[in-house]
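Asks: Please work out how this folds:
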Amino acid sequence: MPLIKSVKGKSPEIPEDCYIAENATIVGEVSMGNQCSVWFNAVIRGDVHYIKMGNKVNVQDGAIIHATYQKSPTLIGNNVSIGHNAIVHGCTIQDNVLIGMGSIIMDDCVVESNSIIAAGAVVTEHTIVESGSIYAGIPAKKIKDISQELITDEIDRIANNYVKYSGWFKD
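Replies: Below is the predicted model:
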């Protein structure tokens, strides 16, 4: 059974069509859209500020989503994949974004729509990742523009696959 817990009178809001793995943790002021999935050992901690997630967001194994006390909430749009062991902290992730495995998105960053953050990238505070781009490295920098093929073959495919995978665990 996942750990879903209220903090300071604020409880997670999780639609019934979402999948939450048995050892995932979701606490505090967290609101999720439809068809989201939170996988094994993932942590979503809305204890110090709110976290708002859109529809079709998948938070893969070991990922952490948090915010900064009284300063920076975390906002995640629709159709977003947060890769294994990624950290998303006090930032805004717009629609149709792929956050690569092991990457870190720090406070007050904005990752605009139709973008990819490469595996292992560190997006430092206050960075604006422009729409339609791929950022990689430490610190993360733009390495190229994204193609429509990558949007369809990677961003959309992964988000749709995680909706499918979550169905396997609901039965």
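Asks: On the strand side of things, show who the residue nearest to the spatial centre of the chain bridges to.
Replies: The residue lying closest to the centre of the chain (Cα atoms, centre = their mean) is residue 82, at 4.2 Å. When bridges are called by DSSP bridges, residue 82 pairs up with residue 59, residue 99.
Asks: from what I can see it touches residue 99, true?
Replies: Yes. Here residue 82 reaches residue 99: they are 4.6 Å apart, a contact under Cβ atoms under 8 Å. Yep, even glycine has a C-beta here, placed from its N, CA and C like the rest.
Asks: Would you mind finding the longest strand in the chain?
Replies: For the chain, the strand with the greatest residue count under DSSP state E is strand 43-53.
Asks: ok, that one: who's next to it in the sheet?
Replies: The pairing partners recorded for strand 43-53 under DSSP bridges are strand 25-31 (parallel), strand 64-66 (parallel), strand 74-76 (parallel).
Asks: and the helix or strand encompassing residue 166, what other elements does it pack with?
Replies: Assigned by DSSP states H and E, residue 166 falls within helix 157-170. Helix 157-170 sits against strand 19-20, strand 37-38, strand 58-59, strand 80-82, with contacts defined as 3 or more Cβ pairs under 8 Å, 6 or more residues apart in numbering; DSSP states H and E.
Asks: Now do the shared contacts for residue 82 and residue 99.
Replies: Contact criterion Cβ atoms under 8 Å, 6 or more residues apart in numbering; residues shared by residue 82 and residue 99: 88, 93.
Asks: Please identify the buried residues of the lowest-mean-pLDDT helix or strand in the chain?
Replies: Taking mean pLDDT, DSSP states H and E as the measure, helix 148-150 is the helix or strand of the chain with the lowest mean score, a mean of 87. Buried positions in helix 148-150, judged by neighbour count with 16 or more other Cβ atoms under 10 Å: residue 150.
Asks: and for that helix, what are the contacting residues?
Replies: 116, 134.
Asks: Off-centre distance for that helix?
Replies: Centroid separation for helix 148-150 versus its chain: 20 Å, with Cα atoms, centre = their mean, to the nearest Å.
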